[in-house]
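Asks: Provided below are the primary sequence and the corresponding predicted coordinates.
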Amino acid sequence: MDLEFNKNEDINKQKSYELITRLKKVYAGGGEKAAAKQKEKGKMLARERISYLLDNDKPWLEIGALVADGMYAEHGGCPSGGVVCGIGYVSGRQCVVVANDATVKAGAWFPITAKKNLRAQEISIENKLPIIYLVDSAGVYLPLQDEIFPDKEHFGRIFRNNAIMSSMGIIQISAIMGSCVAGGAYLPIMSDEAMIVEGTGSVFLAGSYLVKSAIGEDVDNESLGGATMHCEISGVTDYKQPNDKAALDSIRNIMSMTGDYIKAGFDRIKPAVPTLDEKDIYGILPDTRDKPYDMKEIILRLLDNSEFEEYKAEYGKTILCGLGRIDGWAVGIVANQRKVVKSGKKEMQLGGVIYSDSADKATRFIMNCNQKKIPLVFLQDVTGFMVGSRSEQGGIIKDGAKMVNAVANSVVPKFTIVIGNSYGAGNYAMCGKAYDPRLIYAWPSAKIAVMGGAQAAKTLLQIQQASQKAKGETADKEQEDEMLKQISERYDSQTTPYYAAARLWVDGIIDPLETRKVISMGIEAANHAPIEKAFNVGIIQT
């Protein structure tokens, strides 16, 4: 091992440790006092409920753990968006699980909470996965009601999705384990089956205080919408359970009897681990985003037996394409290459830039994978498409458009891992969030932005200088340096993977060693949904 490898290893392991530290803080939810209050009521915490529900010998893949990180400070914060979501296994069946965290503002819905719930439902819909809701929420967070209530992608979209999912035959089971108020009451009742916990669970359109103010009726919440009333009088709920564990046991029992599903038929053989050590990734990946490295060395440490069937190896070298297996599943890899290569007597750093020949190669490979029904995995470390007169004359826009078209119209499931840079149109061509990857995760080393920090800061400084000049103002060198520093710091803070994860631009941040798990569980989920649409790229200029 050389010094550079050891330096990279130290930096990347430190980033992974920072991730673990941040996640531990998130897992604490609203804190010890809020947790103690829930315990006093005889309730389990959200993560305890999920842990008890899931098969303990199977993996759990959390979605949006870092949602709202650094957001809503003026409202006291909203760790993990006040809801825990993910993909796990219940009685051997892969499911999406959504659990309100009542330690965070009594499980109230912030704008980002709705976005996260919609993402969980989107994963369920795309993959035709059963979804289980563990409901414990006080409803909409009123101080921000204008940002969550009326628009298309707001609160009401969740209940619309309940109806659409039901028509698609997607299993939806709800357990009312706490408050379930107003519009939020529709979510569990629009599920296929709803159970309620005696003593703690309640569901009604209006609570006792609102009923009193609205129609003058004196009634307590238990009589208004408790377990006994809904199971014995209204018939709104299907099962009454004495406590949280009994409700979760009931869900496990119901899931154990569900029938098998029609599979998409993605190819899988007996899984094998990479022959090259996965942990080497820490040392191979550079400590900064502007240094070269060989992406193929990363790929070989992600694939079973470290076997990679490379496509057009000597053509379009700034993108690597090829076939391999991850945890037994056949995959097509599309990855940006950043190594230094020799061109005659000269050395050239590929730098993650997409050239015309690379775009053409990737387009053809993506089409081949659609033809063969092979899921696609995109490994992003891209600075964008090549610019300049020579590239423009060579038709870079046309070739880039072909690649974007192929990505957009792919019918096989796509999975994206942001390893390093994810800039500009390169983000789009390499299946960024706008192009519907089934899952998109980032490594702690990721950077997501319209362009690199240095270029962006200089561009923004020029705009600011022009504005000052128009007003007859000027700045000396020291003032300009200070302006550039402030712009750079602000811009750089917005390019971190944590900024992206907080806003759900990515489904989460993972240690590089979790990459195989994410992709394997993602393909298993996608295998629940047979491909019903033929691959057609429409009209592309040739």
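Replies: Noted; the coordinates are in hand.
Asks: I'd like the next helix or strand past whichever strand or helix holds D492.
Replies: Taking DSSP states H and E as the criterion, D492 maps to helix 477-493. Per DSSP H and E, the first helix or strand lying C-terminal to helix 477-493 is helix 497-502.
Asks: Restricting to C-alpha, output that next one in PDB.
Replies: Extracted in PDB, the C-alpha atoms of helix 497-502 (Å, rounded to 0.1, in the frame of the first residue of the first chain):
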ATOM      1  CA  PRO A 497     -24.600  14.700   0.100                       C
ATOM      2  CA  TYR A 498     -26.200  15.700   3.500                       C
ATOM      3  CA  TYR A 499     -27.800  18.800   1.800                       C
ATOM      4  CA  ALA A 500     -29.200  16.500  -0.900                       C
ATOM      5  CA  ALA A 501     -30.300  13.800   1.500                       C
ATOM      6  CA  ALA A 502     -32.100  16.300   3.700                       C
END
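Asks: tell me the mean pLDDT for the helix holding D492?
Replies: The pLDDT scores in helix 477-493 average 74.
Asks: Return the set of buried residues in that helix.
Replies: 483-484, 487-488, 491-492 (16 or more other Cβ atoms under 10 Å). Using the backbone N, CA and C atoms, a C-beta is placed for each residue, glycine as well.
Asks: Run the chain-centre distance for the longest helix anywhere in the chain.
Replies: Looking across the chain with DSSP state H, the single longest helix is helix 3-27. Centre-to-centre, helix 3-27 and its host chain are 20 Å apart (Cα atoms, centre = their mean, to the nearest Å).
Asks: I'd like the next helix or strand past the strand or helix carrying V135.
Replies: Assigned by DSSP H and E, V135 belongs to strand 131-137. Scanning forward in sequence from strand 131-137 by DSSP H and E, the next helix or strand is helix 156-167.
Asks: roughly how far is that next one from the heart of the chain?
Replies: 21 Å.
Asks: still on that earlier bit, helices or strands next to the helix holding D492 in the packing?
Replies: Secondary-structure packing of helix 477-493 (3 or more Cβ pairs under 8 Å, 6 or more residues apart in numbering; DSSP states H and E): helix 453-470.
Asks: The strand holding V135 vs helix 156-167, what angle?
Replies: Orientation of strand 131-137 against helix 156-167 (axes from the mean of the first three to the mean of the last three Cα atoms, to 10 degrees) gives an angle of 150 degrees.
Asks: what about the residue lying closest to A449 once chain neighbours are set aside, distance to L187?
Replies: The shortest distance from A449 to any non-neighbouring residue, by Cβ to Cβ, 6 or more residues apart in numbering, is to T495 (4.2 Å). Computed as Cβ to Cβ, to the nearest Å, the T495 to L187 distance reads 35 Å.
Asks: in the longest helix of the chain, what counts as buried?
Replies: So for helix 3-27, counting by 16+ other Cβ under 10 Å, buried means 8-9, 11-12, 15-16, 19, 22-23, 26.
Asks: same question, stretch 251-258
Replies: Result for stretch 251-258 [16+ other Cβ under 10 Å]: buried residues 251-252, 254-255.
Asks: biggest separation within these, which pair?
Replies: Using Cβ to Cβ, the two most remote members of these are R252 and I254, lying 7.4 Å apart.
Asks: follow-up on the earlier one: compare T495 and L187 and say which is more crowded by neighbours.
Replies: Neighbours per residue (other Cβ atoms under 10 Å) separate T495 from L187, with L187 holding more: 25 against 21.
Asks: what's the pLDDT at that one?
Replies: On the pLDDT scale, L187 gets 87.
Asks: Kindly confirm my reading that it is in a helix.
Replies: Yes: L187 forms part of a helix when assessed by DSSP: H, G, I helix; E, B strand; the rest coil.
Asks: pretty sure it is touching Y133, no?
Replies: Yes: counting by Cβ atoms under 8 Å, Y133 is a contact partner of L187 at 6.2 Å.
Asks: what touches both of those two?
Replies: S174 (Cβ atoms under 8 Å, 6 or more residues apart in numbering).
Asks: For stretch 526-542, what is the distance to the chain centroid?
Replies: For stretch 526-542, the distance to the chain centre is 23 Å (Cα atoms, centre = their mean).
Asks: Only alpha carbons, please: show that stretch as CSV.
Replies: The C-alpha trace of stretch 526-542 is given here as CSV (Å, rounded to 0.1, in the frame of the first residue of the first chain):
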residue,chain,number,x,y,z
ALA,A,526,-38.2,-4.6,-8.8
ASN,A,527,-38.7,-8.3,-9.5
HIS,A,528,-42.2,-7.9,-8.0
ALA,A,529,-43.2,-5.8,-11.0
PRO,A,530,-43.2,-7.4,-14.4
ILE,A,531,-42.2,-5.2,-17.3
GLU,A,532,-45.4,-4.3,-19.1
LYS,A,533,-44.0,-1.7,-21.5
ALA,A,534,-41.9,-2.2,-24.6
PHE,A,535,-38.6,-0.3,-24.9
ASN,A,536,-39.0,2.5,-27.4
VAL,A,537,-36.8,5.6,-27.6
GLY,A,538,-39.2,7.5,-29.9
ILE,A,539,-37.6,9.8,-32.4
ILE,A,540,-33.8,10.4,-32.1
GLN,A,541,-31.7,12.3,-34.6
THR,A,542,-29.1,10.0,-36.1
